[in-house]
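# Give the three-dimensional model of this entry:
(one chain, ligands or ions: 2)
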Amino acid sequence: MTRGMRHFNVVVLGAGGVGKSALTVRFVQDVFLETYDPTIEEAYRRILDVDGVKASLEVLDTAGAEQFTALNEFYIKSGQGFVLVFRYHLCLLFRFITYLSPSLTQEASLREVNNLRQQIYHIKGGDITIPIVVVGTKLDLVAEREVSRSTIQSLVARWGIPFYETSAKRNWHISDVFQGLVKQMLARHPDD
Ligand code: GDP
Ligand code: MG
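Numbering: from 1, shown residues only. Ligands and ions are numbered 1, 2, ... in the order given. As a prediction, this is how the structure comes out:
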């Protein structure tokens with residue numbers, strides 16, 4: 001039996017500079033967004049085939065406000081699936097830069113993911129089955145030994161949320177993120 005196209009609203013959230021726009025643009029246009037414009041906020045559309053089902057995704061790349069805003073609340077209300085983005089640990093040179101700009105560290109961006117996760121559950125009326133994936137970005141910048149992978153994996157496992165390690169630059173595991181999210185959304189909305 002063939003089915004019609006399914007439509008889903010996906011919202012990409014996370015701290016500024018973690019790589020939300022690069023992730024989104026790699027997924028919808030298959031190019032790497034080199035320039036960093038933290039103010040860009042845009043909705044994109046892409047059709048994805050997941051296990052034989054065609055899913056039309058509207059992907060909203062948000063402009064990463066660090067604190068809770070009314071706009072954030074509006075986006076969360078309209079979203080059916082969420083991509084929560086943090087950036088992986090940095091190499092030594094970048095660590096010095098982030099010392100000067102602490103909002104960009106892995107710890108800070110992971111904290112932001114945790115805040116967003118709690119906001120989503122709160123705004124969705126305490127529903128902890130809402131489709132979410134957590135994404136660590138910029139894996140290409142990280143030396144293997146610098147990634148505190150097990151810490152992050154156990155944290156995300158405690159949250160019960162699937163976790164992906166990506167690079168928008170190298171196109172590592174970008175489509176897996178959205179495939180995984182669509183599977184959760186299809187399981188949650190099997191017919192409507
Ligand atoms: P946003 O504020 O979360 O949307 O962050 P952006 O997507 O604009 O990324 C911030 C900066 O990091 C940009 O200069 C990107 O080119 C860069 N960037 C994003 N993803 C990657 C990646 O996977 N690898 C590398 N090396 N740089 C990245
Ligand atoms: Mg952006």
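
# C-alpha from now on. contacts and neighbour counts both.
Noted.

# What's the mean pLDDT across the strand or helix carrying Phe8?
Per DSSP states H and E, Phe8 falls inside strand 6-14. Mean pLDDT, strand 6-14: 96.

# Partner strands of it, with direction?
strand 53-61 (parallel), strand 81-87 (parallel) (DSSP bridges).

# quick one: which helix or strand includes Tyr44?
Using DSSP H and E, the element containing Tyr44 is strand 42-50.

# Send over that strand as PDB, restricted to the C-alpha atoms.
Listed next in PDB are the C-alpha coordinates belonging to strand 42-50 (Å, rounded to 0.1, in the frame of the first residue of the first chain):
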ATOM      1  CA  GLU A  42      15.500  30.500   8.000                       C
ATOM      2  CA  ALA A  43      13.100  27.700   7.200                       C
ATOM      3  CA  TYR A  44      14.100  25.200   4.500                       C
ATOM      4  CA  ARG A  45      12.300  22.300   2.900                       C
ATOM      5  CA  ARG A  46      13.500  18.900   1.900                       C
ATOM      6  CA  ILE A  47      11.900  15.600   1.100                       C
ATOM      7  CA  LEU A  48      13.400  12.600   2.700                       C
ATOM      8  CA  ASP A  49      12.700   8.900   2.000                       C
ATOM      9  CA  VAL A  50      12.600   7.000   5.200                       C
END
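
# quick one on the thing from earlier: give me the distance from the strand holding Phe8 to the chain's centre.
Put simply, strand 6-14 sits 9 Å off its chain's centre (Cα atoms, centre = their mean, to the nearest Å).

# Say whether ligand 1 is contacted by the helix or strand just after that strand.
Downstream of strand 6-14, the first helix or strand assigned by DSSP H and E is helix 20-29. Yes. Judged by Cα under 6 Å from any ligand atom, helix 20-29 comes into contact with ligand 1 through Lys20, Ser21, Ala22.

# Please render the residues you listed as a markdown table that adds neighbour count and pLDDT to the earlier fields.
As requested, the residues of helix 20-29 next to ligand 1 are exported to a markdown table (neighbours: other Cα atoms under 10 Å; pLDDT from 0 to 100):
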| residue | neighbour count | pLDDT |
| --- | --- | --- |
| Lys20 | 28 | 96 |
| Ser21 | 29 | 96 |
| Ala22 | 23 | 97 |
